[in-house]
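>>> Fold the following.
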Amino acid sequence: MENIWRYSLTVFMAFFAIMNPFVNIPIFIQLTEGLEEKEKKAISKTANIVAFIIVLAFIVVGKYIFQIFGLTIPAFKIFGGILIFYIGFEMLQSKKSSIHLQNNETFDDSIAISPLAIPIMAGPGTIVTAMNFVVNANLFHVLITILIFAFIIFITYVAYNYSSYIVKIIGNKNFVIIGKIMGLILGVLGANMLIEGIKLAFNV
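Residues are numbered from 1 along each chain as shown. Coordinates of the predicted model:
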């Protein structure tokens, strides 16, 4: 039971850090500036549903992707560790991750899908994190990962819907602090994945 709780907490912290439900609030506000509350909620709902479906697809068929392309678990863990570490490093420097965001984002009718769902929420970092947890896991751990990711999606949905109130309560400066904490967590998780990958590759 203790291992299950430890695994669940690790998955939760990884998804929470990589998706930044609260840190991404200013981005959501900027992208939906000038819209009515009803429209903002509709965009939030669509973006979260799309992000969940995309990551869920990779969680479910991740193993088959490995088989089709002949990928190995050590190589994936090493690459995933480097990628996640890089995102965390950028966050510690108070930069918007270039992996999550595209340059010169502009509003259009499909904003809920891109750039909000892809790549801000369901970007390469999120997908790599999800697949790292399930690529060599049993069905029970896969289900736990899906449930935790669904919970993170719910948190993000609520955060977007109440974004204006959250910014007023927490303040912009505190968002910077939260971002750095999440960056530190991601950096450690990435380093851990990298070490695990090296150990598996060289049978250490």
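>>> Run through the residues that contact N48.
N48 sits next to 117, 121, 153-154, 156-157, 160 when contact means C-beta atoms under 8 Å, 6 or more residues apart in numbering. C-beta coordinates here come from the backbone N, C-alpha and C atoms, glycine included.
>>> Restricted to helices, list the residues you listed.
Mapping the contacts of N48 onto helices (DSSP state H) picks out 153-154, 156-157, 160.
>>> Put together TSV for the residues you listed, with distance to I166 on each row.
Supplementary listing: these in TSV, determined by distance: C-beta to C-beta, whole Å:
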residue	distance to I166
I153	17
F154	15
T156	12
Y157	13
Y160	9
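>>> Of the residues you listed, which is the nearest to I25?
Sorting those by distance to I25 puts Y160 at the head of the list, at 7.0 Å, by C-beta to C-beta.
>>> From V167, how far off is the closest residue in space to that closest one that isn't next to it in sequence?
By the measure of C-beta to C-beta, 6 or more residues apart in numbering, the closest residue to Y160 outside its immediate chain neighbours is S44, 3.9 Å from it. With distances taken as C-beta to C-beta, to the nearest Å, S44 is found 15 Å from V167.
>>> cool, G62 as well?
For G62, the distance to V167 under the criterion C-beta to C-beta works out to 36 Å.
>>> I120 too?
According to C-beta to C-beta, I120 and V167 sit 17 Å apart.
>>> Among those two, which residue is more densely surrounded?
The neighbour comparison of I120 against V167 (other C-beta atoms under 10 Å) goes to I120, with 24 against 16.
>>> before we move on, the earlier item: could you flag which of the contacts of N48 are buried?
117, 121, 153, 156-157, 160 (16 or more other C-beta atoms under 10 Å).
>>> Closest one of the residues you listed to F28?
Comparing the buried ones among the contacts of N48 against F28 with C-beta to C-beta places Y160 closest, at 5.0 Å.
>>> could you list every residue that touches that closest one?
The neighbourhood of Y160, defined by C-beta under 8 Å, 6+ apart, consists of 25, 28, 40, 44, 47-48.
>>> Report pLDDT for it.
Reading off the confidence values, Y160 has pLDDT 94.
>>> Can you list the low-confidence ranges for the chain?
Where the chain drops to pLDDT under 70, the residues are 1-2, 94-109, 175.
>>> Buried residues, the top helix by length along it. List them.
With DSSP H setting the assignment, residue counts place helix 37-69 as the longest helix in the chain. Going by neighbour count (16+ other C-beta under 10 Å), the buried part of helix 37-69 is 40, 43-44, 46-48, 50-52, 54-56, 58-59, 62-63, 66.
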